[in-house]
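J.: Quick one, structure for this:
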Amino acid sequence: MRLSDGDIELALESGQIKLTPQPDVSAISGISVDLRLANSFRVFSNNSVPFLDLSGEREQLNKDIDTVMGKEIVIEDDGAFFIHPGELVLGSTFESVEIPDNLVGWLDGRSSLARLGLMVHVTAGRIDPGWKGQVVLEFYNLGKMPLALKPEMIICALSFETLSNPANRPYCSRVNAKYKNQQGAISSRMGDD
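T.: Sure, this is the predicted structure:
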């Protein structure tokens, strides 16, 4: 069952769900809370390796991913980041999210942005029970025009669903949690699988 706006407000007030910085009530509507865009991005550099061997040797895969993901790009608070048609870019939420072990979060892009061709997350819409950290967003511009993304613009919405029981293996308790407490646009750690 999804939490309603009133339930989300109570969970934020009690500290059951933590968003840092905590949004004011105007960010909560119906069944979700709006999250904003941080100022950190990573862009793929396609010319540096011929391909990524996703089932290859781990150390080489991590090295190749680091090469193609390039350096973190941080824009000024009053600046803009431009995502061009056909471009995949990593960004992150401004807010850090902490979800208890009895809830799962669901991330949704904004319809208004999708109507302009911007996909906010390609596949990673689930935020696991026990998650803590900023949420990395996988932007893809399907449109015909470059799109300007600005820090702290409303970029997505997060809703919460109750579990039948608390998770036995919440995310941040797992030894193999690759993105535990992540901050910023962290690239893939596929080689750690």
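J.: drop to CA atoms for contacts and neighbour counts, all remaining ones
T.: Will do.
J.: ok, Lys71 touching Ser45?
T.: No - the criterion here is CA atoms under 8 Å, and Lys71 misses it with Ser45 at 9.9 Å.
J.: Check the model's average confidence along whatever helix or strand Leu12 lives in for me.
T.: Per DSSP states H and E: Leu12 is located in helix 5-14. Averaged across helix 5-14, pLDDT comes to 96.
J.: ok, residues contacting the helix or strand just after that helix?
T.: Sequence-wise, the next helix or strand downstream of helix 5-14 (DSSP H and E) is strand 18-20. For strand 18-20, contacts defined as CA atoms under 8 Å, 6 or more residues apart in numbering pick out Leu12, Glu95, Ser96, Val97, Glu98, Ile99.
J.: buried set for the helix holding Leu12?
T.: Asp5, Ile8, Glu9 (16 or more other CA atoms under 10 Å).
J.: Low-confidence bits of the chain, can you list those?
T.: Low-confidence segments of the chain (pLDDT under 70): 46-47, 171, 174, 177-193.
J.: need the next SSE after the longest helix that it contains, C-terminal direction.
T.: In the chain, ranked by residue count with DSSP state H as the criterion, the top helix is helix 58-69. Going down the chain from helix 58-69, the next helix or strand is strand 73-74, by DSSP H and E.
J.: Run through who's touching that following strand.
T.: Against strand 73-74 from outside (CA under 8 Å, 6+ apart): Asn39, Ser40, Phe41, Arg42.
J.: Let's have the residues you listed in CSV, adding neighbour count.
T.: Below are the contacts of strand 73-74 laid out as CSV (neighbours: other CA atoms under 10 Å):
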residue, neighbour count
Asn39, 24
Ser40, 22
Phe41, 24
Arg42, 22
